[in-house]
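In: 3D, please:
(2 chains)
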Amino acid sequence: MDPLIPLTVAVPLLAAALLAAFSPFVTRRVIELSSIAVAAAVTAMCLLLLSGASEAPLVYWFGGHMPRDGLALGIAFVVDPLGAALAAFAGVLVTATLVYSWRYFDAVGVLFHSLLLIFLAGIIGLAISGDLFNIFVFLELLSVAAFALTGYKIEETGPLQGALNFGVTNTVGAFFVLWGIALLYGRTGALNLAQMGETLAGGPVDSLVVTAIALLATGFFIKAAIVPFHFWLADTYATAPLPVCILLGGVVSELGLFAFARVYWTVFDGALASSHEELRILLLAAGALTAVVGAVMSFAQRHLQRMLAFSVIAHAGLLLVGLGLMSPAGLAGAAVYLLAGGLVKASLFMCLGILQHRLGGVDELRLHGRARHMIFTGTLFLVGGLVLAGIPPAGTYAGKALLEEEANLLGLSWVTPLFVLVSCLTGGAVLRAAGKVFMGWGPPPGHSGGEEDAQVGQETTVERDRTPAVMFVPALVLLTAAIIIPFVPGLLGGSEAAAVAFADRPAYAGSVLLGTRHPITEARAHEWTVPTELIAGAASVIGAVALAAFTLRRAPLPQKALGKARTGAERVVGGLTKLHSRHIGDYTAWLTMGAALLGGALAAALL
Amino acid sequence: MTSRGRRGLFLTGAAGLALLLLWGTAGLPDFGDYQHLYGLTLNAESVAATRATNAVAAVTFDYRGFDTLGEEFILFAAVLGTALLLRAQREEEEEPPEDMAPDRRPPHDSDAVRELCLGLVAPIFLFGVYIVVHGHLSPGGGFQGGVVLATAPLLMYIGGEYRGLRTVTPEAPLELVKGAGTGGYVLIGLSGLWFGTSFLDNALPRGNAGDVISSGTILALNLAVGMAVAGGLVLLLTEFLEQTLVLRSRSRK
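Out: Prediction:
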């Protein structure tokens, strides 16, 4: 067994404990440098695991408790390429965040660094664990670290409220997951994913199995911010410190979807094999709804951080559509899109952090034209908007093209227009903000309504003259990575092969319980540069630019021409905004209703 | 949403959810009808294999010791997070408490409470140590014993000896105890990698079942957890006491 596997989690945890213990005795620079070194080393370890796992999944049994006659006694890490890639991606983002926050916080203590390393260990454990209860433990570990990090700015009420909403809703989510685990344990007497899957595959699909998957899905979807479990996310991400948002927006929301996919394909896929079609409809519907709500709300925001927060929700919806295709090719497309989208969102959050650092705020109207001199950051933000819209041949385009091709093969022709619409709105929102803030285009801010001012958090008047290199360079590197993803040799084909292994439950169970070796064979990804996809990609970008231009025009359009369409759109946005009331009681009510509806829908679909 | 609408939405959803849960729970095996191989195997072999007479400890610190590592760090992260949220802010200053009722005299300290609390400090401390080191033999262990240990300083506070409490619980050594306990768990795990076959392998001599010094790493891990929990809880306690005993500046934005 490869000792590298446990070290990916043990090293950051040990470093976090040591940093906290010795913090009174060392200087801030030592803490910063050592945490960056640890995060970079862990990233390198994850990349090594990725190259090892690309040949065949690696299994590691803690405490030396190997399975006996196919019975799992201990806890296993099962490193497959998709899990290892997610772990490495998290490592990259945490390293970038540590570099980025070198200059961001005036008084950053050891607590921030310790918590970030714990957070990294939690993500890695979640990504490669092969045990359902262990997944729950790591999900809680990274959540607890995240709750504290989002409330970092204790002198303001907004972040504390956001952190509280985050903590309450996500802890309720954890209860759902735990309840689901308890039901499954009662049925299968196991916690090992492969073992549970084997037992369930031989048994009936009854009320217990349906309830268990409904509870697990609810818990994971709360973490992933799927409509109607998404309300907390906008409040939290809009107020959290921007360095924390890099991680939250880059990778954390997607972890809920990853956990759902992992549990579905290792535990439930055998038992529910005959209900693929029904499950597909359900997941696609939830994904499409989430994507549209997130995209529309994103375009309606003027507070840039809240705008990107809704963009994160829209992306979670698109990823759920990818999972909902219920096929390896859909998984592969979702993996590529997760990577590229995560990178570009992280980079955009970094740009917002630069704006905050330089100009003391991130409100589109207040910053109108004030960033004209920030040419480099402006260019980065503009390109980020285009990549977010999925400009060919960037990684976001490739991910969407793979998903659209697979959807077309399955006869789901509505997926492409949905993706184009969501890309137009989320990309257009960023482009519009770029035009206003960095170019000074559009009508200058007049009297803004009282209600909209509620969106503006605490803004300071501090202005600084220079952008620190430690803030700009990570943003540039991540954005470049998001663009060149499709050209990394073997990445697209590799993710297809990895997705085939991810979704192969019998092979997974064999390698975990019996120790058989299941080599991952080469696979060819869908073509991603075919004319139809290029047209869809171009349409997304043109649409985004057109939407941005439309809102940036100086002269108001004649009211008659667009009157009806306009009031209609305003009514939709107004209604949606009203639903996002920032009242935690509302959120809990929606969450409870959502859980009941999801349970009912799953019961109808699976029985 | 109006409060009426919210209540309606919640109650409808909650009713549906309750039905779902009842319906799902109906699929569980009957009470007392346990037939799963995993639990039966561990019950049958754990004492002989680990020499821990408490099978629960054998599961939490040996077979599933890696889960417990994560749980210990959840507690650690929660303590760090609380310290982060309760940290002193730049514009905050310590103020002497303001006497809200100058015309009334403070109640006389109860000698009974004081003597009882201070008298209990040492026995409680000893009891906590007992619970920690007997975790592999009887119910208890590092988590439970650590909480008992942290009760001793709390008794000092209730007994009216806040100053004495601060002298016996200075922050830097507490951080060290907590860090050593938390990091110690990982180090014991690494020792398994070094001396045995894998991370958290129980590679220490296991002794005889029933002895205090037995069960190899299970005892060592309990000690580590006891330190981490006791240190972490006392730090939490002092953080919260400082919030209430030292008045924060009232300038709220």
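In: give me the nearest residue to residue 213, chain neighbours excluded.
Out: If you meant another chain, say so; for now it's chain A. Distances taken as Cβ to Cβ, 6 or more residues apart in numbering or on different chains place residue A:268 nearest to residue A:213, at 5.7 Å, with adjacent residues excluded. (Glycine included, C-beta is placed from N, CA and C.)
In: wait, chain B
Out: Using Cβ to Cβ, 6+ apart and skipping the chain neighbours, the partner closest in space to residue B:213 is residue B:207 (5.7 Å).
In: residues in contact with that neighbour?
Out: Listed by Cβ atoms under 8 Å, 6 or more residues apart in numbering or on different chains, the contact partners of residue B:207 are B:51, B:213, B:214, B:215, B:216.
In: same thing but 7 Å
Out: By Cβ atoms under 7 Å, 6 or more residues apart in numbering or on different chains, the contact list for residue B:207 reads B:51, B:213, B:214.
In: and the strands in the stretch 1-150 of chain A?
Out: Along the stretch 1-150 of chain A, counting by DSSP state E, counting those that start in this stretch, strands occupy A:58-61, A:76-79.
In: which residues touch the first one?
Out: Applying Cβ under 7 Å, 6+ apart, the set of residues contacting strand A:58-61 from outside is A:1-2, A:5-6, A:49, A:52, A:74, A:76-79, A:511-512, B:198.
In: pick out the most distant pair among the residues you listed.
Out: Spanning the widest gap among the contacts of strand A:58-61 are A:52 and A:74, at 21.2 Å by Cβ to Cβ.
In: which of the two has more neighbours?
Out: Comparing residue A:52 with residue A:74 by other Cβ atoms under 10 Å in any protein chain shown, the one with more neighbours is residue A:74, at 21 against 17.
In: which phi and psi does the more buried one have?
Out: phi -110, psi -160 (degrees, to the nearest 10).
In: shouldn't it be in contact with residue A:62?
Out: Yes - the pair residue A:74 / residue A:62 is scored as a contact, 5.5 Å apart, by Cβ atoms under 7 Å.
In: on that earlier part again, for the residue nearest to residue B:213, give its distance to residue A:222.
Out: 46 Å (Cβ to Cβ, to the nearest Å).
In: now residue A:44
Out: 33 Å.
In: more crowded one of the two?
Out: residue A:222 (28 against 13).
In: ok so that one is a helix residue?
Out: Yes - counting by DSSP: H, G, I helix; E, B strand; the rest coil, residue A:222 is part of a helix.
In: for it, list the residues it contacts.
Out: Per Cβ under 7 Å, 6+ apart, neighbours of residue A:222: A:169, A:170, A:172, A:173, A:229, A:591.
In: who's in contact with the first one?
Out: Translated: residue A:169. Counted by Cβ under 7 Å, 6+ apart, residue A:169 has contacts A:222, A:232, A:587, A:591.
In: please report the distance of the first one from chain B.
Out: Yep, that's residue A:222 we're talking about. To chain B, residue A:222 is 13 Å away according to Cβ to the nearest Cβ, to the nearest Å.
In: and the helices in the stretch 401-550 of chain A?
Out: A:415-434, A:450-453, A:469-484, A:491-502, A:505-509, A:531-552 (DSSP state H, counting those that start in this stretch).
In: tabulate these (CSV), appending distance to chain B.
Out: Shown next, in CSV, are the helices of the stretch 401-550 of chain A (distance: least, Cβ to the nearest Cβ, whole Å):
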stretch, distance to chain B
helix A:415-434, 25
helix A:450-453, 15
helix A:469-484, 22
helix A:491-502, 23
helix A:505-509, 15
helix A:531-552, 29
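In: out of those, which is closest to residue B:154?
Out: helix A:469-484 (43.9 Å).
In: what helix or strand is residue B:184 located in?
Out: helix B:171-195 (DSSP states H and E).
In: figure out how far that helix is from the centre of its chain.
Out: From the chain centre to the centre of helix B:171-195 is a distance of 16 Å (Cα atoms, centre = their mean, to the nearest Å).
In: who are the packing partners of that helix?
Out: Under the contact definition 3 or more Cβ pairs under 7 Å, 6 or more residues apart in numbering or on different chains; DSSP states H and E, helix B:171-195 sits against helix A:4-22, helix B:65-85, helix B:217-245.
In: show me what counts as buried in it.
Out: Buried residues in helix B:171-195, counted by 16 or more other Cβ atoms under 10 Å in any protein chain shown: B:174-193.
In: show me which residues of the stretch 101-250 of chain B sit near chain A.
Out: Residues of the stretch 101-250 of chain B lying close to chain A by Cβ under 7 Å from any Cβ of the partner chain are B:172, B:175-176, B:179-180, B:182-183, B:186, B:189-190, B:192-193, B:196-202.
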